[in-house]
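Visitor: The sequence and its predicted three-dimensional model are supplied below.
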Amino acid sequence: MKTSLSILALGIAVAFGAPAMANGFGGGDTGTINQTGVNNDAGITQAYNAWGTESLINQHGTKNVAFSNQDHNISASSTINQSDYNNYATVNQQNTAGATATVNQDGWLNVAKVDQQNGFGLTATANQTGYNNYSNISQSGFNKTATTNQTGIANVANISQHF
């Protein structure tokens, strides 16, 4: 797990006797990676979040790749579940409040990208079962919900929701 912490935040924490950790303001961040299989790659970056921002990556299989980036959020949630072979998923959440992103991949060579920025109450779900599917969800604004469901081979789905 990779966490980011600025020099200023570290200095403030040390100055006030707090341990140096990657928790945000008002409740902290939680990042969890669970891996079983061979050659899986996962990374979580969390910076400047508040009130229970969390990220969970579960990988079961071979050569799955998943990244979650959470920056300047309040109560954001990111979950990536991957099983089987060579799936790729990214979730990027920046400047959101109450954002939720979920990616479920079961199969081979599926690609899912979720980008949530500058918004409140954003919800994105990408479900992929099969081979070589591509899903891209991009959101900003208020109270948006997007879901892609892909079963089969070589499906492409793009959802863009902005103000």
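Guide: Here it is on my side, so go on.

Visitor: make it CA atoms for all contacts and neighbour counts henceforth
Guide: Fine.

Visitor: Specify the beta-bridge partners of Q128.
Guide: Listed by DSSP bridges, the beta-bridge partners for Q128 are Q105, Q150.

Visitor: That one contacts T151, correct?
Guide: Yes - taking Cα atoms under 8 Å as the definition, Q128 is a contact partner of T151 at 6.0 Å.

Visitor: For the protein, which segments count as helices?
Guide: Along the chain, the stretches classed as helices by DSSP state H are 7-15.

Visitor: So for Q128 and T151, which sits in the more crowded spot?
Guide: Set Q128 next to T151 and count neighbours by other Cα atoms under 10 Å: Q128 wins out with 28 against 14.

Visitor: lowest average confidence, helix or strand, in this protein?
Guide: Here the helix or strand of the chain ranked lowest by mean pLDDT, DSSP states H and E is helix 7-15, holding a mean of 36.

Visitor: which stretches of this protein have low pLDDT?
Guide: Under the criterion pLDDT under 70, the flagged ranges of the chain are 1-27.

Visitor: so where do the strands sit in it?
Guide: 29-38, 41-47, 53-62, 65-71, 77-85, 88-97, 100-108, 111-120, 123-131, 134-142, 145-153, 156-161 (DSSP state E).

Visitor: partners of N158 in the sheet?
Guide: With DSSP bridges as the criterion, the beta-bridge partners of N158 are N136.

Visitor: all numbers from here: first residue = 38
Guide: New numbering, starting at 38: the last item is N195.

Visitor: thought it was touching A163?
Guide: No - under the criterion of Cα under 8 Å, N195 makes no contact with A163, lying 10.4 Å away.

Visitor: between the two, which one's more packed in?
Guide: Neighbours per residue (other Cα under 10 Å) separate N195 from A163, with A163 holding more: 25 against 14.

Visitor: got the contact list for the more buried one?
Guide: With contacts defined as Cα atoms under 8 Å, 6 or more residues apart in numbering, A163 is in contact with T139, V140, N141, A149, S172, I174, T184, T185, N186.
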